[in-house]
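Participant: how would this look folded up:
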Amino acid sequence: MTLRTRLLDPAVARAMSALSAVAKQGLGDPVLAELVVIRASQLNHCAFCLDMHLAIARKHGVSERQLDLLAAWEEAEDVFDERERAALALTEAVTVLTDGFVPAEVYEQAAKHFDEVRLAHLVGLVVAINNWNRVMVSRRIPPGGYTP
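Facilitator: The predicted structure is shown next:
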């Protein structure tokens, strides 16, 4: 059995799917949710998740300009509003964790734009997509398997 054909245990998949769904629903903004999961998937080099979430983002009406410039969101100031920028900064900090911690200023900036509950859902969403990215990348699942 190759690495690609090994199935994720259904109980694990259900648990991961539940976290993703609750976090997205609690965040309450499907456009922002897709920007967050796409950015984390870019950082994690997860082609399967990028392919899937780009399709979902387009379905939710995310602009092509935002999708095209997401990898350079910090420089594209006129494309992303302050709330989106705060969410993307937190996404990167939680995804990369280069210093072992999310910088306080990044968390505080996000807290200015999200109440406590929505901030918890945002962090939960970043954690969830990072889990999915790691599963799909480690299993070497290629893009193209997602159908909306």
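
Participant: which residues in this protein form helices?
Facilitator: 10-27, 30-43, 47-59, 64-69, 82-96, 104-113, 116-138 (DSSP state H).

Participant: residue ranges with poor pLDDT in the protein?
Facilitator: Along the chain, the parts satisfying pLDDT under 70 run over 1-7, 148.

Participant: Relative to residue 25, how far out is the residue positioned nearest the centre of it?
Facilitator: Nearest to the mean C-alpha position of the chain, by Cα atoms, centre = their mean, lies residue 37 at 1.6 Å. According to Cβ to Cβ, to the nearest Å, residue 37 and residue 25 sit 14 Å apart. Using the backbone N, CA and C atoms, a C-beta is placed for each residue, glycine as well.

Participant: coming back round to it: give me the number of residues near the residue nearest to the residue nearest to the centre of the chain when sequence neighbours are not counted?
Facilitator: Of all residues not flanking residue 37 in the chain, residue 129 sits nearest, at 4.3 Å (Cβ to Cβ, 6 or more residues apart in numbering). Using other Cβ atoms under 10 Å, residue 129 is surrounded by 30 other residues.

Participant: Likewise for residue 26?
Facilitator: Residue 26: 16 neighbours (other Cβ under 10 Å).

Participant: Contact partners for it?
Facilitator: Shown in contact with residue 26 (Cβ atoms under 8 Å, 6 or more residues apart in numbering): 117, 118, 120, 121, 124.

Participant: okay, now the fourth one: neighbour count?
Facilitator: It refers to residue 121. Neighbour tally, residue 121, other Cβ under 10 Å: 21.

Participant: for the last one, same thing?
Facilitator: When neighbours are counted by other Cβ under 10 Å, residue 124 registers 17.

Participant: got it, and the third one?
Facilitator: Using other Cβ under 10 Å, the number of residues around residue 120 comes to 14.

Participant: still on that earlier bit, the residue nearest to the centre of the chain contacts residue 127, doesn't it?
Facilitator: No: the pair residue 37 and residue 127 fails to qualify as a contact (Cβ atoms under 8 Å) at a distance of 11.1 Å.

Participant: Would you mind measuring from the spatially closest residue to residue 76 that is not a sequence neighbour to residue 14?
Facilitator: Leaving aside its sequence neighbours, residue 76 sits nearest to residue 69 (Cβ to Cβ, 6+ apart; 4.1 Å). To residue 14, residue 69 is 35 Å away according to Cβ to Cβ.
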